[in-house]
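Trainee: I would like to see how this sequence folds:
(one chain, ligands or ions: 1)
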Amino acid sequence: MDLSLTEEQIALATTAREFTRKEIIPKAGHHDETGEFPTEILKKAWETGLMNIEIPEAYGGLCGSCLDNCLVQEEVSFGCSGINTSMAANSLGATPLLVAGTDEQKQKYLSRLTSELTFCAYCCSEPDAGSDVAGMRTRVTKHGDDYVLNGQKRWITNGGVASFYTVFATFDPALKHKGIACFVVDASTPGVKAGRKEHKMGQRASNTTDVIFEDCKIPKSALVGTEDSGFKVAMKTFDRSRPWIAATAAGVIRRSLEESRAYALERKTFGVPIAQHQAIQFMLAEMAISYEATRLLTHKAAWQVDKGDLSAITSAYAKAYGADAAMRASTDAVQIFGGYGYTKEYPVEKLMRDAKLLQIYEGTSQIQRVVIARNVLGGK
Ligand SMILES: Cc1cc2nc3c(=O)[nH]c(=O)nc-3n(C[C@H](O)[C@H](O)[C@H](O)COP(=O)(O)OP(=O)(O)OC[C@H]3O[C@@H](n4cnc5c(N)ncnc54)[C@H](O)[C@@H]3O)c2cc1C
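Mentor: Below you'll find the model as predicted:
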């Protein structure tokens, strides 16, 4: 067994680490405060080769692996998981095309992402259907050779800034998961509009909006996969994307640990640095354990994706453990900082607000446990 990274992977992670230190950390507070979309940072990240990592060379991408993507996302999330989410949403929006798209669709849409800084988004969740993907209501109907979409998607990362959307819609809600199809839709298509930007608690550098479809006519060529394969495409996408969330968690935990360690060595109570109190030491030790465990679970899940053995279970382990560990580590970081941790003067309160989203999007912590429990019980 060899857990070491290749020279190329070490170089990629080093590039991402330097980029984060220089371009993200100094500006993360500004984007958190204002909620301004970080276009300039993303433009530089795109130029540096930190976006669209898993797109094949044939479409102008880096043809990187899921593990490569995880390495970059951990580094970027060390600086700001909200900025990472904006970058990762491009990977998420593109993945249905990687999973089930035709060569023509990939040429048209994936090449768009690699030829200039362009965004895309993944439109699955709805106002009344998040965890229950098969309960979606956005309708697709057939009109001759065309399809027509009607419905409302909610919580769409990169909504409003995306140039195209991968959209899931049902031919008939009564058919549940068997009625769902996936489509790729240009944002400029008549009948597509983005709603207002959500005013979020954390990850405020990412753009989250509704995306609304009103009599939106799209051609036959917009269908990704088959008319009954949308649910499978959505699930396969999550199997590939959940390791990224775990990698994001690893970045948040490492930052929580580094900030806490530095503060604990400096802050004194009762005449000694707080790092000498065992209660503080144990919180630091827990952070170190959870960083190591999250990183190992992430790399295992990514390795499994990369060897073509998509596994809902390994991805669920990594996402569930990592998200909860990041929430715990960032909360403990605030605790270690005491009253100062509760102010915007220090970066740890942002880590805590940002971490909360990791337990919610791309399948909540409860849904990961539903997947894991189903596996444990073997359908019994
Ligand atoms: C900032 C942000 C960005 C997002 N980005 C995207 C995006 O780009 N694209 C996209 O499609 N979606 C996106 N989402 C949506 C996200 O995936 C959903 O919010 C998430 O899946 C949960 O769905 P919900 O909010 O409808 O909660 P619900 O499904 O209503 O769940 C509410 C609560 O019930 C629990 N619950 C539900 N079902 C069960 C069950 N069977 N067993 C136990 N507990 C259960 C949940 O865990 C949760 O605690 C984003 C969300 C946010 C907040």
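
Trainee: and the residue lying closest to His31 once chain neighbours are set aside, helix, strand or coil?
Mentor: Nearest residue to His31, sequence neighbours excluded (Cβ to Cβ, 6 or more residues apart in numbering): Ala205, at 3.8 Å. In short, each C-beta sits where N, CA and C put it, glycine included. Taking DSSP: H, G, I helix; E, B strand; the rest coil as the rule, one finds Ala205 in the coil state.

Trainee: then Lys344?
Mentor: Lys344 - assigned by three-state DSSP - is coil.

Trainee: could you report the neighbour count for it?
Mentor: For Lys344, the neighbour count with other Cβ atoms under 10 Å is 10.

Trainee: same thing with the one 5 residues further on?
Mentor: Neighbourhood size, Glu349 [other Cβ under 10 Å]: 20.

Trainee: wait, isn't it in contact with Val334?
Mentor: Yes. With contacts counted by Cβ atoms under 8 Å, Glu349 reaches Val334, the gap being 6.0 Å.

Trainee: hang on, the earlier thing: my guess is the residue nearest to His31 contacts Pro38. True?
Mentor: Yes. Between Ala205 and Pro38 there is a contact at 5.1 Å, judged by Cβ under 8 Å.

Trainee: so between the two, which is more surrounded?
Mentor: Ala205 (28 against 23).

Trainee: do you know how far that one is from Thr34?
Mentor: Distance from Ala205 to Thr34, counting by Cβ to Cβ, to the nearest Å: 9 Å.

Trainee: quick one on the thing from earlier: give me the common contacts of Glu349 and Val334.
Mentor: Residues within reach of Glu349 and of Val334 at once, by Cβ atoms under 8 Å, 6 or more residues apart in numbering, are Gly341, Tyr342.

Trainee: in the stretch 1-150 of the chain, which spans are strands?
Mentor: 119-123, 139-143, 146-157 (DSSP state E, counting those that start in this stretch).

Trainee: most packed of these?
Mentor: Highest mean neighbour count of the strands of the stretch 1-150 of the chain: strand 119-123, a mean of 28 (counted as mean count of other Cβ atoms under 10 Å).

Trainee: and it, average pLDDT?
Mentor: The average pLDDT within strand 119-123 is 98.

Trainee: try stretch 372-379
Mentor: Per-residue pLDDT over stretch 372-379 has a mean of 92.

Trainee: list the buried residues for it?
Mentor: Of all the residues in stretch 372-379, those buried under the rule 16 or more other Cβ atoms under 10 Å are Ile372.

Trainee: is it in proximity to the ligand?
Mentor: No. Using Cβ under 6 Å from any ligand atom, stretch 372-379 stays clear of the ligand, coming no nearer than 9.4 Å.

Trainee: about what we covered before: pipe the strands of the stretch 1-150 of the chain into CSV and attach distance to Ile180 per row.
Mentor: As requested, these are arranged in CSV below (distance: least, Cβ to Cβ, whole Å):
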stretch, distance to Ile180
strand 119-123, 12
strand 139-143, 9
strand 146-157, 12
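
Trainee: ramachandran angles for the residue of the stretch 201-350 of the chain found nearest the ligand?
Mentor: Using Cβ to the nearest ligand atom, Thr208 is the residue of the stretch 201-350 of the chain that sits closest to the ligand, at 4.5 Å. The phi/psi pair for Thr208 (degrees, to the nearest 10) reads phi -120, psi 120.
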